[in-house]
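Visitor: this one's sequence-less:
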């Protein structure tokens with residue numbers, strides 16, 4: 001598991017302004033505007049908060065991320081609708097099934113994630129879903145981190 005939707009923390013409080021953009025029908029347009037302003041896209045106010053090295057997001061990479069969901073009015077509308085409909089019903093509904101899951105699990109969690117605070121990983125490891133192993137990592141670049149992972 002990695003930083004993610006956990007139990008009733010979806011959408012997380014820090015993500016609510018984005019959900020509200022979707023509810024107002026503006027999220028798709030906001031994403032499209034990032035294509036014209038890559039410096040904003042790389043910033044914490046754009047997509048930068050979700051990347052360990054946002055300065056490495058080239059205009060080409062941003063185009064790959066954003067064009068698919070912003071290329072037409074229909075796509076912008078659909079991504080806004082998707083964004084607006086997020087809730088924790090699914091993750092709460094599967095709680096008992098996750099508690100019954102008995103396979104070894106590794107949690108890799110970025111300690112500085114603004115959306116999914118590390119206390120959610122601790123809750124998982126402490127028994128909310130009885131997850132046996134937890135590792136801490138810097139944000140995003142898990143491949144670099146895993147070979148030296150020290151689990152607790």
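Guide: Nice, I can see it. Computed from a prediction, not measured in an experiment: that's the story for all the values here.

Visitor: which SS class is residue 52?
Guide: coil (DSSP: H, G, I helix; E, B strand; the rest coil).

Visitor: for this structure, which spans come out with low pLDDT?
Guide: Applying pLDDT under 70 to the chain flags residues 1-2, 127-152.

Visitor: quick one: the helices in it?
Guide: Secondary structure of the chain (DSSP state H): helices located at 16-23, 27-36, 38-41, 59-70, 73-84, 89-93, 95-100, 118-123, 142-145.

Visitor: does residue 88 touch residue 9 like I think?
Guide: Yes - in terms of Cβ atoms under 8 Å, residue 88 counts as a neighbour of residue 9; the distance is 7.0 Å. Where C-beta positions appear, they are placed from N, C-alpha and C, glycine not excepted.

Visitor: so between the two, which is more surrounded?
Guide: residue 9 (18 against 15; other Cβ atoms under 10 Å).

Visitor: looking at the helices of the chain, which is closest to residue 5?
Guide: Distance to residue 5, taken as Cβ to Cβ, is lowest for helix 89-93 among those, at 5.2 Å.

Visitor: chain center to stretch 11-23, what's the gap?
Guide: Taking Cα atoms, centre = their mean, to the nearest Å, one finds stretch 11-23 lying 12 Å from the centre of the chain it belongs to.

Visitor: ok, now stretch 97-106?
Guide: On the basis of Cα atoms, centre = their mean, stretch 97-106 sits 21 Å off its chain's mean C-alpha point.

Visitor: ends of it, what's the gap?
Guide: 17 Å (Cα to Cα, to the nearest Å).

Visitor: in it, what counts as buried?
Guide: For stretch 97-106, burial by neighbour count (16 or more other Cβ atoms under 10 Å) applies to 98, 105.
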